[in-house]
Structure formats: C-alpha cells, structure tokens
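Chemist: give the three-dimensional model of this entry:
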Amino acid sequence: MPHAVIAGDCDLAAFARAWTPLVVRRGADVLRADELYLERGGRAVLIEALCIEAGRKQPFYVKLSSHDRGTTTVRIDPMTHPERSDGVRALVAEIAGRLLAATPGAQIEKTNLELPAR
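Modeler: From the prediction side, this is the model:
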C-alpha cells in the first residue's frame, strides 16, 4: 500500500488550517484532493481525493495519523479501495510532501513513494 512515515512533530491541526485544495494535471489525467476533515482530537485527518486516469474515476480518502512514537503516517484510508495506480500513488506522495514541507525539522522515516522535490 502506498504510504509515507514522517518522523517529527507534525501538527495536523495547523496543517488542516493551512490546507488548500490540490489539483495536479498530467495530460488528460487529473489528480485532486479537496475537502479535509480533522478528527476532534487533532491526531487524524481524512482528505477527500479523486484520481481520473484514462477516463476512469477513482474516489478515495488519504489518511494522516499521528502516533505516540513521534511519527505521522500518510496512506490510503483502509476503508477505501482504489487501484494503486500511478496517479493514486502520486497524489498520496503530493500530500505527504506538503505535510513534510509544513513540518520544520521533519524527515521521511520510511516510504514506498517518490515524494516531490521541495
């Protein structure tokens, strides 16, 4: 499953406040992440996502979860089941890249994605 584990003090509430919708166009393909839902305790976020590749629409959620061990995981929400296409992987990577850029001193602990250069 596409994921990234970020080591550092990720403030998901601040990330949610600063969130702006994400749209990536790659030829005829569109990758979009719009609405963001912050869990009441501020330790989890769901981001509504949509990948349109070769005319095929795949709606899903990206989940960000903070852990007591000082890491935050960015992955596809396990309640949604999109095909792990290049577009789905790229959208999860874009969101992980945004969280990494918003967290001073954070670094990638583990990932199976190619994160965008920041």
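
Chemist: what sits against Arg25?
Modeler: Listed by Cβ atoms under 8 Å, 6 or more residues apart in numbering, the contact partners of Arg25 are Leu31. C-betas here are computed from N, CA, C, even on glycine.

Chemist: tell me the bridge partners for it.
Modeler: As for beta bridges, Arg25 partners with Val30 under DSSP bridges.

Chemist: now for Cys51, how many residues are close by?
Modeler: 25 (other Cβ atoms under 10 Å).

Chemist: which stretch of helix or strand covers it?
Modeler: Under the criterion DSSP states H and E, the helix or strand holding Cys51 is strand 44-53.

Chemist: list the neighbouring strands of that strand plus their orientation.
Modeler: Using DSSP bridges, strand 44-53 pairs in its sheet with strand 29-38 (antiparallel), strand 56-66 (antiparallel).

Chemist: understood, closing this out.
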